[in-house]
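Asks: After the sequence you'll find the predicted model.
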Amino acid sequence: MATKMRVVENECAWGAARGKRACVVLHDGSIEVDGEVVCEGPKQPVWRELHAALQDIAKRRSALDAEEAEALVRAEAIGIWRRLGYAHMGEYLERELGYGPKVGMERLRVARALIDLPLAAECLGNGMHYSAIRELTRVMTPATERDWLDFARGKNLRQIEAAVSGRKLGDRPEDPANPDLMQRDVSYRLSPHVIALIREIRAEVARELGHRVDDDVLFETLCRRARAGGDAGGKPAYQIGLTVCSDCKRGWQTSAGRAIEVSAAVIERADCDAEHLGSLDAEKPARVTTSIPPRTRKQVLARDRGCTVPGCRASANVDVHHIKRRAHGGGHQPSNLTVLCSAHHQHLHEGLLTMTGHAPDAIAFEWTQPPADTAAATLVEDDARAALTNLGFRPCDARDAVALARPHVGSRPQLEALIREALKRCVRHAT
């Protein structure tokens, strides 16, 4: 019933009757006289109706997402694609449900995860947005499910994505994020000739460094060379504007207006060969200093002419590194300095590579984990693809399965181990 807001005594004429009568204006704008509504108020504003309708659609969509997730798991279990003549579940999802390969596999991943996450499945069915559930399933386990759902309550998608970023499966919301896990998928719309050029550049960088390069190394090389503008040795590779916590030693680098957390290895690597701008919050700007005296740095770059790791031919995108670190008593003497390419410099600070001795001709390098034998690994991959094709899998499915299995068999894979891992992926993508 509408709330009565005020009473007005007024001379009114309603029908044949005249005189003083009690007029009440209701909350919805209607007018009531002597307990009888004689004039209806305006209808509910259109925006309220639309808002209510959209909320209802979102809730029903979440319920449908929950229903679909349950059905997808059952469909995969019975091999529904076979009965319709499709090669694998991904093709079924694309042709029958309209999901592209990436979206389809992501839908299937979430559906599988919800089998062991009953609370999350219930939240999805009750109206929690699918996009939020999708992000949470990257880190939730049965043991941490309730913690994450409580944390996500009242937060938008961007806040949830930020919380999930840098955490692995099984972590809790209060666990510290690992910046090494914070990789991002970035997409560009490129013309075919630009794509071909990037492939050529990747091959050129790989030949220069003597090993296969990942996306991080490729794009860092391109960016640093573009910023250098042809000046290979004029300035240090880094100008440090980092915020470092004095207690936990975590660091953040400002990039395009955003603070991005970086790993300890990145901070150490940058500090080797940098211009220090001082505190970014200081009232008076500090004098710019360098990690290595400029004259010494130029001398070392001219002496070494490129990365000194045996087999590496990189002469651009290089840093100057202290063989004996300054924290351990090393100084800026040329005999304690050597040139490393960005990839080997990063490997060294990540602990994958060690070096001892003195420059320029008495440095001993040792890999804590031997680098991959690119040629041998490629041959093993070719043999694995051929074996899967001979087993009846389509060549494209064999190629994808081997690519998915490759990170799980080490830097020097054995053929049998690679085929075994690839077969696990074939069951999901090509059976």
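Replies: Noted; the coordinates are in hand.

Asks: and for the helix or strand harbouring C396, what are the contacting residues?
Replies: Following DSSP states H and E, one finds C396 within helix 395-405. With contact meaning C-beta atoms under 8 Å, 6 or more residues apart in numbering, helix 395-405 is reached by 87-88, 381, 384-385, 388-389, 393, 418, 421-426, 429-430. The way it works is simple: take the backbone N, C-alpha and C, and place the C-beta from them, glycine included.

Asks: Pull out the buried positions in it.
Replies: Using 16 or more other C-beta atoms under 10 Å as the test for burial, helix 395-405 gives D397, A398, R399, D400, A401, V402, L404, A405.

Asks: Let me have these in JSON lines, extended by distance to L54 and pLDDT.
Replies: Converted to JSON lines, the buried residues of helix 395-405 look like this (distance: C-beta to C-beta, whole Å; pLDDT from 0 to 100):
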{"residue": "D397", "distance to L54": "41", "pLDDT": "78"}
{"residue": "A398", "distance to L54": "46", "pLDDT": "81"}
{"residue": "R399", "distance to L54": "44", "pLDDT": "80"}
{"residue": "D400", "distance to L54": "39", "pLDDT": "77"}
{"residue": "A401", "distance to L54": "42", "pLDDT": "83"}
{"residue": "V402", "distance to L54": "46", "pLDDT": "84"}
{"residue": "L404", "distance to L54": "39", "pLDDT": "79"}
{"residue": "A405", "distance to L54": "44", "pLDDT": "81"}
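
Asks: What's the per-residue pLDDT of the residue nearest the centre of the chain here?
Replies: The chain has R184 as the residue nearest its centroid, 3.1 Å off, counting by C-alpha atoms, centre = their mean. Note on R184: pLDDT of 71.

Asks: now do K298
Replies: In this prediction, K298 has a pLDDT value of 88.

Asks: For the stretch 101-250 of the chain, which segments are assigned as strands?
Replies: In the stretch 101-250 of the chain, the segments counted as strands under DSSP state E, counting those that start in this stretch are 238-240, 242-244.

Asks: Those strands: lowest mean pLDDT?
Replies: Minimum mean pLDDT among the strands of the stretch 101-250 of the chain: strand 238-240, a mean of 54.

Asks: which residues touch the residue nearest to L124 when sequence neighbours are not counted?
Replies: Spatially, and ignoring its direct neighbours in sequence, L124 is nearest to A66 (4.2 Å; C-beta to C-beta, 6 or more residues apart in numbering). Contact analysis of A66 by C-beta under 8 Å, 6+ apart lists L114, A121, L124, G125.

Asks: if we can go back for a sec, between the next helix or strand after the helix holding C396 and helix 395-405, how big is the angle?
Replies: Downstream of helix 395-405, the first helix or strand assigned by DSSP H and E is helix 415-429. Per axes from the mean of the first three to the mean of the last three C-alpha atoms, to 10 degrees, the angle that helix 415-429 makes with helix 395-405 is 110 degrees.

Asks: what packs against helix 415-429?
Replies: helix 89-97, helix 374-390, helix 395-405 (3 or more C-beta pairs under 8 Å, 6 or more residues apart in numbering; DSSP states H and E).

Asks: which residues touch it?
Replies: Contacts of helix 415-429 (C-beta under 8 Å, 6+ apart): 88-90, 380-381, 383-384, 387-388, 393, 397-398, 400-402, 404-406, 408-409.

Asks: I'd like to know how far N317 sits from V205.
Replies: 9 Å (C-beta to C-beta, to the nearest Å).

Asks: what residues do those two have in common as contacts?
Replies: T221.

Asks: any idea how far the helix or strand hosting V266 is from the chain center?
Replies: Using DSSP H and E, the element containing V266 is helix 264-272. Mean C-alpha position of helix 264-272 versus that of the full chain (C-alpha atoms, centre = their mean, to the nearest Å) differs by 22 Å.

Asks: of the helices and strands packed on helix 415-429, which approaches R167 most closely?
Replies: Closest to R167 of those is helix 395-405 (C-beta to C-beta; 22.6 Å).

Asks: what's T289 sitting at in phi/psi?
Replies: phi -120, psi 170 (degrees, to the nearest 10).

Asks: Where does the prediction get shaky in the stretch 251-400 of the chain?
Replies: For the stretch 251-400 of the chain, the stretches with pLDDT under 70 are 251-262, 264-265, 277-281, 311, 313, 369-379.

Asks: Tell me where it has strands.
Replies: Going by DSSP E, counting those that start in this stretch, the stretch 251-400 of the chain shows strands at 251-255, 258-262, 274-276, 289-290, 318-322, 337-341, 353-358, 362-367.

Asks: Include distance to E220 and mean neighbour count when you put those into a markdown table, please.
Replies: Shown next, in a markdown table, are these (distance: least, C-beta to C-beta, whole Å; neighbours: other C-beta atoms under 10 Å):
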| stretch | distance to E220 | mean neighbour count |
| --- | --- | --- |
| strand 251-255 | 13 | 16 |
| strand 258-262 | 13 | 14 |
| strand 274-276 | 15 | 18 |
| strand 289-290 | 21 | 14 |
| strand 318-322 | 12 | 24 |
| strand 337-341 | 10 | 27 |
| strand 353-358 | 17 | 15 |
| strand 362-367 | 21 | 12 |
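
Asks: Out of these, flag the one nearest V110.
Replies: strand 258-262 (26.6 Å).

Asks: one step back: kindly present the helices and strands packed on helix 415-429 as TSV, with separate columns for distance to R199.
Replies: As requested, those are exported to TSV (distance: least, C-beta to C-beta, whole Å):
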stretch	distance to R199
helix 89-97	25
helix 374-390	16
helix 395-405	16
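
Asks: wait, which of those helices is closest to Q333?
Replies: For Q333, the closest of the helices and strands packed on helix 415-429 is helix 374-390, at 35.9 Å, according to C-beta to C-beta.

Asks: thinking again about what came up before, most neighbours of all the contacts of A66, which one?
Replies: L124 (26 neighbours; other C-beta atoms under 10 Å).

Asks: could you point out the longest helix in this protein?
Replies: Scanning the chain for the longest helix, with DSSP state H as the assignment, gives helix 46-78.

Asks: Would you mark the buried spots in that helix?
Replies: Applying 16+ other C-beta under 10 Å to helix 46-78 flags S62, D65, A66, E68, A69, L72, A75, E76 as buried.

Asks: Beyond it, next helix or strand please.
Replies: Defined by DSSP H and E, the subsequent element after helix 46-78 is helix 80-83.

Asks: Give me the helices and strands touching that next one, please.
Replies: helix 89-97.
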